[in-house]
Every structure is written in C-alpha cells, then in structure tokens.
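S.K.: I'd like to go over a predicted model; first the sequence, then the structure.
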Amino acid sequence: MNIVVCVKQVPEEIRINKTKGTLIRDGIKGVINPCDKNAIELAITLKEKHGGKITLVSMGPKDVENTLTHGLAMGADQAVLVCDRVCAGADTLATAFALATVIKKLDNVQLVLCGKETADSGTQHVGPQIAHYLGIPQVTYVVTLLIEDSKILAKRQLKDEYETVETGLPALVTVVKGINEPRMPTYLNIYEASKKDTHKWCAEDLGLKEDEVGIQGSPTRITKVFAPEAKRECKMLRGSIEDISGSLANDLKSKGLA
Amino acid sequence: MKETDRYRGVWVFAERKDSQVIKGSLELLSLGRGLADELQVELSVLLMGDRLGGIPEELIYYGADVVYVIENPILERYTTSPYHRIVCDLITENKPEIVLFSATHLGMDLAPRAACELKTGLSAHCVDLKMDKENRQLLQICPYFDYMATIVTDTRPQMATVQPGITSPPRRDDSRQGKTVRVEFKIEPGDIKIVEVEARKEEDTEKIEEADVIVAVGRGLKDMCLAEELASVLGGVLGATQPITDAGLLPQSRMIGQTGKIVQPKLYIACGISGAGQHIVGMQNSGTIVAINTDEKAPIFKVADYGIVGDASKVIPALIESLKG
C-alpha cells in the first residue's frame, strides 16, 4: 500500500513585504509545516503495519529539498519536489492541481495524507482540492485512523463531537495535530536520509501547461495588504512600572472590572 | 456579453445543527443581504436536510428572497459527496455571482472541493466583505499574519468562507415575504458512511467563552504562573495564542483565534501577544482590552483600550500588587 504525504515548507518566522504583499522568504529558514509532521508520523505507523512505500510530495523552490530531508529522516522512502519558476505564486487551486498531477504519476497510491492546515496561509483548501482532482473521497480533521482490508475507519474531530466514518481506498485524509507525536530523527537517520531520492520535476516533466499553474492558474489574487485599522483609541500608559500598574488598577476598579 | 455577466445573485449556504440553522449561517445572511442590496440582486439561501419543517420560512424572516430546499433522508447529516454534488449542480445551473459559506468544519470540507470542481477562486476565513460595485467584484478581507489582505477572484462565482462571529445575525422579521423553491434531486448516498457520532467532552472544564475576565498569554511571556496569578486576582481564566497551545503550555481548549475560540469577555488582558490577525479575530469584540508588549508597533495595540510597552513578566507582578492594594 503506497502512501503519499503532501508537505509544505513554511518560513520559521513570518515577515511580509508590504508593497508586494508577499511573504519574505529570503534569509528566513524554511521548516516543515508542523501538521505535516503528524501526517508523516501517521504514514510511518501505517507502513509498519501494512507495508508499502511512503512518498513525500511538495512544491516550491529548490531549498525545499532541505525540508524534505527532515521527512525522509523521519522515515519516508522518497520525495518528489515540483520545482519550477512557472509554478510560483500559485493559490490553493493551482497548488492542488500540480500536487494531484504528481500523485497521478506515482504507482498504486492508496492513501494521500495532508496536515489539516499550514502554519503560514492556513486555508485548509489544498487537501479537499487534491481529493477532487484525484476523484477520491476526502476525510478531513482526522484524529485516529485504522485501515482494514481496503477500507479506512477514521475518527473526525469536529467542533463539539467526534464523527467516525468509513470509506474505501484510495482516499485522502487530513490530520489534526493531536493524532500523534511526530518522532525526532536522529543524526544517523539524517545521514541515511541524504542517500534517499528526492526527484525534482519541472512543469514540463508533469505535462503542466503554463496557464494551469502558478499565478496564471490561480483564480484568486491578493490586491492589497494592509495593517488592521485601529479599532480603538489605545491609551498608552507611560512612566514607571509602579505608576503604570497603579493607574491601570485604578481604572479597572472604577470600571468594576477588578 | 462577458462571461462574468452571466452570473447574477448572492447565495448563502445554510448550515444546520439538527433542526437549527447555526448562528454563523445567520451572520452570512446579514452580510449577504448587504451585498445583494448593493448589487440589486436577490439573496438566495441553499438549505439541505431531511424534514426541514419551518426552517425555509425562518430563513426568509432572516432576509432571504429565495430559499432552495432539498430534502432527502441522505442529507440529514452532512457527508461530502451528496452535499458537494447538489452545491455544484445548483451553482452551475443558476450561476450566482457570489457564494458564501461559514468557515466551520463543514464549510471548510465542502467549499474547497466545490470551488475546485467549479474551477473558481475561494478565499478562507474572511473577516469582512466589501463590494467594488463598478466591477461587481467581491473584496474578500482575510487575516494575513499580522496584516489583513484583500483577495479578489476573477472567475465566477466568487466564493468565500467567512469566519463565524464577525457580525451579528440579522433582525428576524416575520412579515418578510420570499419564495421557497423545492428542488428534486436524484441523490446517491456517496462514498462515505457515518459509523458513529459521539459528543466531544472537553477535558478542560473551564469554558473560556463564558468567562468575564481572560488573561491571555502569548510568546512574549515565558512564566505561565505569573499569568495564572493575575487571572486569579481578577477572578478570570487563562487563554492563549496558538504558539502557546501548540507548545503544550496550555491545553488546546484555551486557544483564542481563528482556529480556536471566539471570546468576548468584559476584560481581556493580552500578555506578550503581538496580535497576529488570526488571534485578533478571536478577541477584538471583548469589552475592555489591555495589551502588554515590548514592541510599541505591535498590532495588538490597535485593538486595545490600554497599552503598556514593556516586558509582561515585569509588568504583571506590579499590576498584581496594585490590584491587591
């Protein structure tokens, strides 16, 4: 049973180019999206039980390779990175299309795992959209997952209830953070990961046309990035800590808040 | 005629919990009504379920001009595929220019897949919607890290999920008139079978949504005990930003913001919180907001009533002393 885990590199620190409205990635370390580590951990435990091969699939600039190494060191078998300038600036729809195209090229993929959301944009769109492009069921917000025969039994964590569902394979599952505790790779794991394959595919390798990917393939655009308007008149308290805390305590008491 | 001109009307997806339309969906009716009036088009609501009784009329009282009703036992509880099929087919047939969903678990499962099939854009967790009337373009305003971003879609329909709690439900007016359209559909059960549903009991018994005072902790405060002491002096509870709950310093149930709880206490004290957009949507409607942060430019001060520039771990002990005194 082959498993794909979709992985995104996110910046360790968030800084915005205010004129372009884009994330500043230069000089900021890229790390693996936290929730994706849970998806990889789940893939590893499923592989231990059911066998098969784990492939990490990602899209982004060349340096995402270093991030993928973390996943390989955790225990994934290989990685595929869609790496092409024409793919840059993709929104969720164009991203899902490129990733789904990769997954279709891989052999006998029975299960696609994604983190519930990414730490940077956090839209939660890409999982369900990949499932649509692959024409397979999606099970979102999963907190436990069992595979029996060619079916999955998944417990979904919703707002005030848990819902357990059953569906056939192949399927796509998005996992919540609480599903497991991702393992930390050892130095030996990291050394061994450097010997595993990371295939870099460009748009042409995948038969992707320019208007299907990147900015051209994205129906949404950011037109403006702005600081939130000041919603309140903020009274800045200045002076010694004692003065500040004294005057704040008095105000809170006079308002009946303390 | 431009392709986009073929699309007219504003649609809202009505989410139910049993026989009640959820508050988030009623809030969409507020937003949708405003947009429809501005564009001079009808506001339609899409309602699915089994034995829906008087819900369609209720939706008219809350501002709908048209309610599309699809009743079938298969639709009693949400599963992706039948809901997806109906949403996509009805949108394709009726061509609304705007479709809104509440950014709930259901909305976030349904909307992305539908947008994908319809090959159109979708924005996530909008906190405000405005209209560029000339171009009939929906300006979708979303939290974008410490900033806000305006997102537009060139394709139609323009689809968005909207953060629950950003506006109030409309006033119910039982003299309002509207049209209920019952749509017959051949509905397949789909590929997902619900096996069991159980209530999710929170291990954490404190309901921060109901607290009068919240002391919220961000990355700028290392000492959780200090915050706890301040909370106890004020008779309040502890809340947190995502990095704090992610790090396991406080339980997940204390997370305030877009993917956590939306709170409105009488007093909110933000300690060492810079004020990422995702957090602010969860607390901006609190009564009095006090912010303590080392960075004078931190966005949290824009939503605060009182600002203290300083290290929360030094300010809090002094504040505790003053409150006790």
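M.R.: Good, I have the coordinates. Small disclaimer: the values here were computed from a predicted structure and weren't measured.
S.K.: next, A:Asn2: phi, psi?
M.R.: When read as degrees, to the nearest 10, the backbone of A:Asn2 gives phi -90, psi 140.
S.K.: what is the burial count for it?
M.R.: 18 (other CB atoms under 10 Å in any protein chain shown). C-betas here are computed from N, CA, C, even on glycine.
S.K.: what's the first helix or strand after the strand or helix carrying B:Ser232?
M.R.: Per DSSP states H and E: B:Ser232 is located in helix B:224-233. Heading C-terminal from helix B:224-233, the first helix or strand you meet, by DSSP H and E, is strand B:237-240.
S.K.: what's that following strand packed up against?
M.R.: On a contact count with 3 or more CB pairs under 8 Å, 6 or more residues apart in numbering or on different chains; DSSP states H and E, strand B:237-240 meets strand B:213-217, helix B:224-233.
S.K.: what pairs with the first one, and is each one parallel or antiparallel?
M.R.: In this case it means strand B:213-217. Strand pairing for strand B:213-217, determined by DSSP bridges: strand B:237-240 (parallel), strand B:267-271 (parallel).
S.K.: can you lay out these as CSV showing distance to A:Cys234?
M.R.: Shown next, in CSV, are these (distance: least, CB to CB, whole Å):
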stretch, distance to A:Cys234
strand B:237-240, 20
strand B:267-271, 12
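S.K.: dump those into TSV; add distance to A:Ala88 and mean neighbour count as well.
M.R.: Formatted as TSV, the strands paired with strand B:213-217 follow (distance: least, CB to CB, whole Å; neighbours: other CB atoms under 10 Å in any protein chain shown):
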stretch	distance to A:Ala88	mean neighbour count
strand B:237-240	35	28
strand B:267-271	36	29
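S.K.: and the residue of the stretch 1-150 of chain B found nearest chain A, what does it touch?
M.R.: Distances between the stretch 1-150 of chain B and chain A by CB to the nearest CB are smallest at B:Gly121, namely 3.5 Å. B:Gly121 makes contact with A:91, A:93, A:218-220, B:115, B:151-155, B:158-159, according to CB atoms under 8 Å, 6 or more residues apart in numbering or on different chains.
S.K.: that older thread, buried residues in the helix holding B:Ser232?
M.R.: Within helix B:224-233, the residues scored as buried using 16 or more other CB atoms under 10 Å in any protein chain shown are B:226-227, B:230-231, B:233.
S.K.: show me where the stretch 151-258 of chain A has its helices.
M.R.: For the stretch 151-258 of chain A, helices defined by DSSP state H, counting those that start in this stretch occupy the ranges A:187-193, A:241-254.
S.K.: so which of those comes closest to chain B?
M.R.: Nearest of these (CB to the nearest CB): helix A:241-254, 3.6 Å.
S.K.: mean confidence score for the closest one?
M.R.: For helix A:241-254, mean pLDDT is 93.
S.K.: just the C-alphas of it, formatted as PDB.
M.R.: C-alpha atoms of helix A:241-254 as PDB (Å, rounded to 0.1, in the frame of the first residue of the first chain):
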ATOM      1  CA  ILE A 241       6.100  50.300  36.200                       C
ATOM      2  CA  GLU A 242       4.600  51.200  39.600                       C
ATOM      3  CA  ASP A 243       2.800  54.300  38.200                       C
ATOM      4  CA  ILE A 244       1.500  52.400  35.200                       C
ATOM      5  CA  SER A 245       0.200  49.500  37.200                       C
ATOM      6  CA  GLY A 246      -1.300  51.800  39.800                       C
ATOM      7  CA  SER A 247      -3.200  53.900  37.300                       C
ATOM      8  CA  LEU A 248      -4.400  50.800  35.300                       C
ATOM      9  CA  ALA A 249      -5.500  49.100  38.500                       C
ATOM     10  CA  ASN A 250      -7.500  52.200  39.500                       C
ATOM     11  CA  ASP A 251      -9.100  52.400  36.100                       C
ATOM     12  CA  LEU A 252     -10.100  48.800  36.100                       C
ATOM     13  CA  LYS A 253     -11.500  49.100  39.600                       C
ATOM     14  CA  SER A 254     -13.500  52.200  38.700                       C
END
